[in-house]
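Predicted model and sequence follow; I will ask about them next.
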Amino acid sequence: MARNPSEFVRFVAKHYRLLAVMCRENQRFTSDAEMEAFVRPYLESGSSPGLLVSRMKSLGIVSQTTGDWTPPPFLGRFLAEVEQRHALASPGVVRGWVEKLSGLAKSLDALTVDGAPASADAQLELGAVLDEVTDTIATIAATVGGNCDRIGTEVTRYRTEEDSRRMRFRLTRLIDLHTNYLEPILRLIEVGGEFYGVSEQVVASCDRLAAHALAGAESPISLQAAAVSRGVLWLRRGTLRRAHEANRELGPLCEAAMRESAIARGVNRAIEAIGSGNWERLDLDHQLSVIVAPDGPLLNDRAALTYLLAARSYKDAPPPILGPEEPGSMDVPWTVASLREEVEKVGSVDDVFDWICERVGRDRPDPPAALLHDLVEAASEHLSVVGPETQQYPFARIDVEGRVWVWKGEANA
Amino acid sequence: MPEAETVAPLPELPERLITVFRAMRGGRHISRGDGQDYLDLERRTALYEHVFGALGYVLKHHNQGFFYLEGAGAVRSDRMRAALLFLLILFQELEERKFQRQDRAWERSLLRATFKVTDLPHFQTAQRRSLMAAIELDESKVAQVLTSLERLGVIRLLPDAQFGFLPPVYRFIDLCMKYADDPNWGAAGDVVIVETKPEADEETELES
């Protein structure tokens, strides 16, 4: 039955309180008696509930769906918009719609695999699927848009709130909206997300149909497909834009709040540890090390510093005086001069370092190495290195590896 | 005649090496406010790293725009305790009072804020006084703490007994974040955002 819009709006205006409650609470009535009982508190004295219920039915203020009398969904949405109440759909709800769209996209794909179907039945079915696709995409866009509106309202409320108790609550609410609603929905509808992929499928099928129309005779189904394709792209772009706008509004607020909340948690933990005298828990030696050595040494290498300090503390001291119990004689230490005199007598030596070691001993490598070095300095014309190979020279506590030096009686050329 | 060997010249030492090294070895964190020293460090970071590395120090460049030294011979932590506690109490106060601010946040504007020494919250409650007393800090020693923080490059002292933060304060902020993220820390008493129960009408409205 056709509605009379003027009468409808007039009734809504007159019985606004009643209808607002009915819609907000999603009231369903199984009988007229139930409806009459519900409307009675809202009536002026002397008015008949039966008459009002009958009027509601005739104007379409309530309609019968699945056996129950309820206000039509558009009335609820209209009043919510007027009151700026935005229903917040969970990401699960949006995902459900996307799954439905995915099923439709598959049907569409199957029906358009060879272009527009020829049979009238298949064309009818295709038209129905296209209608369903349009409705579903519009629902997704409206749901996401509703969420974004709700988020915008919450942000405004937070910004205009003056009571600090409520502010904290609202901030917590905003963080919840951001984390549990907006971010999951953004992931769903972003490029590369599930919704994006499914809508691409729909667009591809619709474009196939539209191309078919261009190539041959123009058919209404192909025109419809082209319109659906444009609509999908437009709604998808709009939905994504609104979600990004909401994120731009909410994101920085939440990011700052979450970071400050984390800092405050760290502060409270640290203060609690300090309060109980547990400074070790803070591990400041590692976590907050600061160099403070304005007059200290240049080097900060401990090994080098120790060596330098030892070197600085060295003092020249005379050799120890030998007592009566010491041996009466001692070996004259080898010098480079006595060594050279000896080697010149021998004439030639195949391994000079080994030869020196035989004379000065193999207790430590330093004395023979120093003597070899001095000998090379003093008589380089008689000494030369043989081959690239190295030779191992064993000592009491260490083995030394070195090239083999040869002494020749005649000076090198 | 043998060819003359080409010897690579030693790199020129950074222009501000002396002043930078002297300041950093004194514990200073060098940030943009330090002018030429910071610019030279920023321009020749790699060379500074090399020179300081050879001397046994590690040059650190923080993403908030400041440099500091690490290495063996760091100051004992007990000398940092006063500075840390002072800042912790100040951060706690900023968090608690953030809803009285226009922007309802404090961290992002931390480097622009100024603080009056006479308004500091450190001795305003018994709990805070007792914390400060535990490390032998009374009101007369606040100036010492501020001087030490200024020497570290964490704050700048301003006229009329005021001060403001410099980017190195983020070493302390980072520390708080580390404590917050530490999974081994007990969760008790960690709730920061108090979920105040809304009033009846508000609850209906929010649950819709």
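Received, thanks.

number of nearby residues for the closest residue to A:A273 other than its chain neighbours?
Spatially, and ignoring its direct neighbours in sequence, A:A273 is nearest to A:R281 (4.3 Å; CB to CB, 6 or more residues apart in numbering or on different chains). Using the backbone N, CA and C atoms, a C-beta is placed for each residue, glycine as well. Burial of A:R281, expressed as a neighbour count using other CB atoms under 10 Å in any protein chain shown, amounts to 17.

Compute the distance between A:R281 and A:I271, please.
A:R281 sits 11 Å away from A:I271, going by CB to CB, to the nearest Å.

Domains in chain A, by residue range?
For chain A, the structural domains run A:5-82, A:91-275, A:336-407, going by automatic domain parsing.

Burial-wise, tell me which of those domains comes out on top.
Each of the domains of chain A was assessed for mean neighbour count using mean count of other CB atoms under 10 Å in any protein chain shown. The highest is domain A:91-275, with a mean of 18.

in the chain, which ranges drop under the pLDDT threshold?
Picking chain A for this. Applying pLDDT under 70 to the predicted model, the residue ranges of chain A that meet it are A:1-2, A:65-66, A:84-87, A:212-218, A:293-311, A:326-330, A:411-413.

that answer is for a different chain, and I need it for chain B
B:1-11, B:72-79, B:186-208.

In it, mark out all the helices, start to finish.
Using DSSP state H, the helices of chain B run over B:17-25, B:36-43, B:45-54, B:78-96, B:126-134, B:142-152, B:170-181, B:200-207.

Minimum distance to chain A: which of these has it?
Among these, helix B:170-181 comes nearest to chain A, with 3.2 Å by CB to the nearest CB.

I'd like the distance from the helix or strand harbouring A:E125 to the chain centre, please.
The secondary structure element spanning A:E125 is helix A:120-160 (assigned by DSSP states H and E). Centroid separation between helix A:120-160 and its chain, computed with CA atoms, centre = their mean, to the nearest Å, is 29 Å.

Can you pull the domain assignment for chain B?
If you go by automatic domain parsing, chain B breaks into B:17-71, B:78-181.

Generate CSV for those domains, with distance to chain A as supplementary columns.
Output for the domains of chain B, formatted as CSV (distance: least, CB to the nearest CB, whole Å):
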stretch, distance to chain A
domain B:17-71, 3
domain B:78-181, 3
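
Now render these as JSON lines, adding mean neighbour count.
Formatted as JSON lines, the entries for the domains of chain B read as follows, by neighbours: other CB atoms under 10 Å in any protein chain shown:
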{"stretch": "domain B:17-71", "mean neighbour count": "18"}
{"stretch": "domain B:78-181", "mean neighbour count": "17"}
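
could those domains go into TSV alongside distance to A:P71?
Listed next are the domains of chain B as TSV, based on distance: least, CB to CB, whole Å:
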stretch	distance to A:P71
domain B:17-71	57
domain B:78-181	40
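
Can you say which of the domains of chain A is nearest to B:F21?
Put simply, out of the domains of chain A the one that sits nearest B:F21 is domain A:91-275, at 31.9 Å, with distance taken as CB to CB.
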